[in-house]
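[1] Here is a sequence together with a model predicted from it:
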Amino acid sequence: MVSEERVGAIGKGLLVFLGVEKEDTEADAGYLAEKISGLRIFEDDQGKMNLSLPDISGEVLVVSQFTLAGDCRKGRRPSFDNAAPPERAEILYENFVQRIKDLGMNVQTGKFRALMHIHLVNQGPVTFILDSKKLF
């Protein structure tokens, strides 16, 4: 919700919080789009994580979240020095969204740089962290 208006909503699928850092490129957006669409993280008939978004006709809600670039290793206040400037981050955010769409996914989005209220029903809880630089 942005200013009491629903801007994006999905059924079964993934909520993707996307953080963009200074060194990120379109190649990183492409890597993440491919990785996310192919992850076998949804349960099959035997209860095993064995199905991907296309297998379940899943949807994707992509929300920009610069705070993911926050570095909390020193002191008590996060440093956002590594976050991409908003103009660059929005370009890569839109690139990522388009790449997910190009893979055949039904994609909804939040509103870039807006204060949002996000309602999530998390089955599990199951949460994954992906890093295109593969640092972890």
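    Perfect, I can see it now.

[2] Give me the buried stretch members for the biggest helix by length in the chain, please.
    Ranked by number of residues, the top helix in the chain under DSSP state H is helix 86-102. Neighbour counts over helix 86-102 (16 or more other C-beta atoms under 10 Å) mark Ala89, Leu92, Tyr93, Asn95, Phe96, Val97, Arg99, Ile100 as buried. Heads up, the C-betas are built off the backbone N, CA and C, glycines and all.

[3] tell me the mean pLDDT over whichever helix or strand comes after that helix?
    Downstream of helix 86-102, the next assigned helix or strand under DSSP states H and E is strand 106-109. Strand 106-109 carries an average pLDDT of 95.

[4] Just the residues contacting strand 106-109, thanks.
    Contact with strand 106-109 is made by 7-10, 13, 57-63, 97, 100-101, as judged by C-beta atoms under 8 Å, 6 or more residues apart in numbering.

[5] how close does the most centrally placed residue in the chain sit to Leu120?
    Nearest to the mean C-alpha position of the chain, by C-alpha atoms, centre = their mean, lies Val16 at 2.4 Å. Using C-beta to C-beta, to the nearest Å, Val16 is found at 12 Å from Leu120.

[6] quick one: the strands in the protein?
    Along the chain, counting by DSSP state E, strands occupy 13-18, 42-43, 49-51, 59-64, 106-109.

[7] Averaged pLDDT, the first one. What do you get?
    What that stands for is strand 13-18. Averaged over strand 13-18, pLDDT sits at 96.

[8] cool, the second one as well?
    This predicted structure assigns strand 42-43 an average pLDDT of 95.

[9] which helices and strands does it pack with?
    Under the contact definition 3 or more C-beta pairs under 8 Å, 6 or more residues apart in numbering; DSSP states H and E, strand 42-43 sits against strand 49-51, helix 53-56.

[10] Comparing these, which comes out most buried?
    Across the helices and strands packed on strand 42-43, averaging neighbours per residue (mean count of other C-beta atoms under 10 Å) puts helix 53-56 on top, at a mean of 16.

[11] Pull the distance from it to the chain's centre.
    Helix 53-56 sits 17 Å away from the centroid of its parent chain (C-alpha atoms, centre = their mean, to the nearest Å).
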